[in-house]
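# Just to be clear, the model below is a prediction. Sequence and coordinates:
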Amino acid sequence: MSRVGKKPIEIPKGVKVSLSGKTVSVEGPKGKLSHTVHNLLEVVKTGETLEISRPDDMKFTRAIHGTSRALVANLFQGVTEGFKETLEIVGVGYRVEQKGKDLNLVLGFSHPVVYKAPEGVVLKAEGLLKIVIEGIDKQKVGQAAAEIRKYRRPEPYKGKGIRYEGEIVRRKQGKKTGK
């Protein structure tokens, strides 16, 4: 049995759960989310817990069991606490500005890059070198962070670029002079 999949999901206080077929809908203080689990899996609500079970021990079923349990658990975390991703900008002349809901990134190109906030995601520029991405959907927050980082990935020689907070960029030595 999957170690992740067999753990029951605790339903937090103040969160409403509704099951309709294979769809789990969760409503909490921060908003409403839903997820449809795979056809092979069963979702059962017992008291204040939610359990996902599988019919057999086939390799695919075991894999989708743990994944589905994690995705449903993320729904509960999203509607109660939300998700947050922080990006840092490193480099001379690189900066970020808030323009309404969007971000204006100056990253050494001949033009500034404007990143429009996706639906359900809040972008904040903290100072000139920090971007905070918040939302209730973990996938959307992570995707927005990856798209912003993609404009100027950290390069290994000087370490310039956009990186996740706490990310360690392995540096290369560069050219050696002389023999």
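Sure, I can see it. Numbers count the residues shown, from 1 in each chain.
# Tell me the bridge partners for residue 121.
residue 135 (DSSP bridges).
# which SS class is the spatially most central residue of the chain?
Against the mean C-alpha coordinate of the chain, by CA atoms, centre = their mean, the closest residue is residue 142 at 2.9 Å. Following DSSP: H, G, I helix; E, B strand; the rest coil, residue 142 is assigned to helix.
# pLDDT score assigned to it?
pLDDT for residue 142: 96.
# What of residue 154?
Predicted confidence (pLDDT) for residue 154: 94.
# list the contacts for it?
Taking CB atoms under 8 Å, 6 or more residues apart in numbering, we find residue 154 in contact with 90, 160-163, 167, 169. Backbone N, C-alpha and C define where each C-beta goes, glycine included.
# what about the residue nearest to it when sequence neighbours are not counted, distance to residue 111?
With CB to CB, 6 or more residues apart in numbering as the criterion, residue 154 has its nearest non-adjacent residue at 3.8 Å, and that residue is residue 161. Distance of residue 161 to residue 111, computed by CB to CB, to the nearest Å: 18 Å.
# What is the strand of greatest length in the chain packed up against?
The longest strand of the chain (DSSP state E) is strand 83-90. On a contact count with 3 or more CB pairs under 8 Å, 6 or more residues apart in numbering; DSSP states H and E, strand 83-90 meets strand 130-135, helix 138-150, strand 161-164.
# Please pull up the helix or strand immediately following it.
Counting by DSSP states H and E, the next helix or strand C-terminal to strand 83-90 is strand 95-99.
# Tell me which stretches of this structure form strands.
Under DSSP E, the chain gives strands at 9-10, 16-20, 23-28, 31-36, 42-46, 49-53, 83-90, 95-99, 102-106, 113-115, 121-126, 130-135, 161-164.
# would you list those strands in CSV and tack on mean pLDDT, distance to residue 63 and mean neighbour count?
Shown next, in CSV, are those (pLDDT from 0 to 100; distance: least, CB to CB, whole Å; neighbours: other CB atoms under 10 Å):
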stretch, mean pLDDT, distance to residue 63, mean neighbour count
strand 9-10, 94, 18, 16
strand 16-20, 93, 23, 12
strand 23-28, 95, 19, 19
strand 31-36, 95, 17, 15
strand 42-46, 92, 16, 13
strand 49-53, 93, 13, 18
strand 83-90, 96, 23, 18
strand 95-99, 95, 39, 16
strand 102-106, 95, 36, 18
strand 113-115, 96, 34, 14
strand 121-126, 96, 28, 17
strand 130-135, 97, 27, 20
strand 161-164, 96, 27, 19
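# domains in the chain, as residue ranges please.
Per automatic domain parsing, the structural domains of the chain span 9-80, 83-164.
# As JSON lines, these with distance to residue 173 would be great.
What follows is those, written out as JSON lines (distance: least, CB to CB, whole Å):
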{"stretch": "domain 9-80", "distance to residue 173": "40"}
{"stretch": "domain 83-164", "distance to residue 173": "9"}
